[in-house]
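**Student:** can't give you the sequence, but here's the structure:
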């Protein structure tokens, strides 16, 4: 009986591995293609509700072609600015930069930002790296 319970427990633990949640790195791989994206489509920006921000539409590469992803309202993040996804040409290939929230409006994602508050002092030397009151 104990063996049956242990076997069932082991099977349950092993089956949980099939339902792992992908990490950010797995969920957002770098997309590089040789075909230039079509020009962006014109979208009518609706009246935004309080606490909402507009994420503009963009082209995404799906399989072997571009697919238009419509713009949408999302919950705003106070103190942050949304930077829309964009395609950039690099050595004859097109690379997509995903949309992201940026705190100091410098275009560098905060996880890679060396000066989060934009005061000119690198984070490692700054006693207050998230000081919203820049000099």
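**Tutor:** Great, that's in hand. Keep in mind it's a predicted model, so treat the numbers as computed, not measured.
**Student:** Quick check: which ranges of the protein have low pLDDT?
**Tutor:** Within the chain, the segments meeting pLDDT under 70 span 1-29, 104-120, 123-125, 127-135.
**Student:** That one: strands as residue ranges?
**Tutor:** 31-33, 52-55, 58-62, 65-69, 72-75, 81-83, 86-90, 93-97, 100-102 (DSSP state E).
**Student:** I'd like to know which of those is closest to residue 41.
**Tutor:** Distance to residue 41, taken as C-beta to C-beta, is lowest for strand 65-69 among these, at 5.9 Å. To be clear about C-beta, it is placed using only N, CA and C from the backbone, and glycine gets the same treatment.
**Student:** re the thing from before, using CSV, please lay out the strands of the chain together with mean neighbour count and distance to residue 45.
**Tutor:** Converted to CSV, those look like this (neighbours: other C-beta atoms under 10 Å; distance: least, C-beta to C-beta, whole Å):
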stretch, mean neighbour count, distance to residue 45
strand 31-33, 14, 25
strand 52-55, 15, 5
strand 58-62, 17, 14
strand 65-69, 13, 15
strand 72-75, 12, 9
strand 81-83, 16, 13
strand 86-90, 12, 18
strand 93-97, 16, 21
strand 100-102, 16, 18
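**Student:** how about those in a markdown table, adding distance to residue 126?
**Tutor:** Shown next, in a markdown table, are these (distance: least, C-beta to C-beta, whole Å):
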| stretch | distance to residue 126 |
| --- | --- |
| strand 31-33 | 34 |
| strand 52-55 | 28 |
| strand 58-62 | 34 |
| strand 65-69 | 37 |
| strand 72-75 | 29 |
| strand 81-83 | 21 |
| strand 86-90 | 29 |
| strand 93-97 | 26 |
| strand 100-102 | 18 |
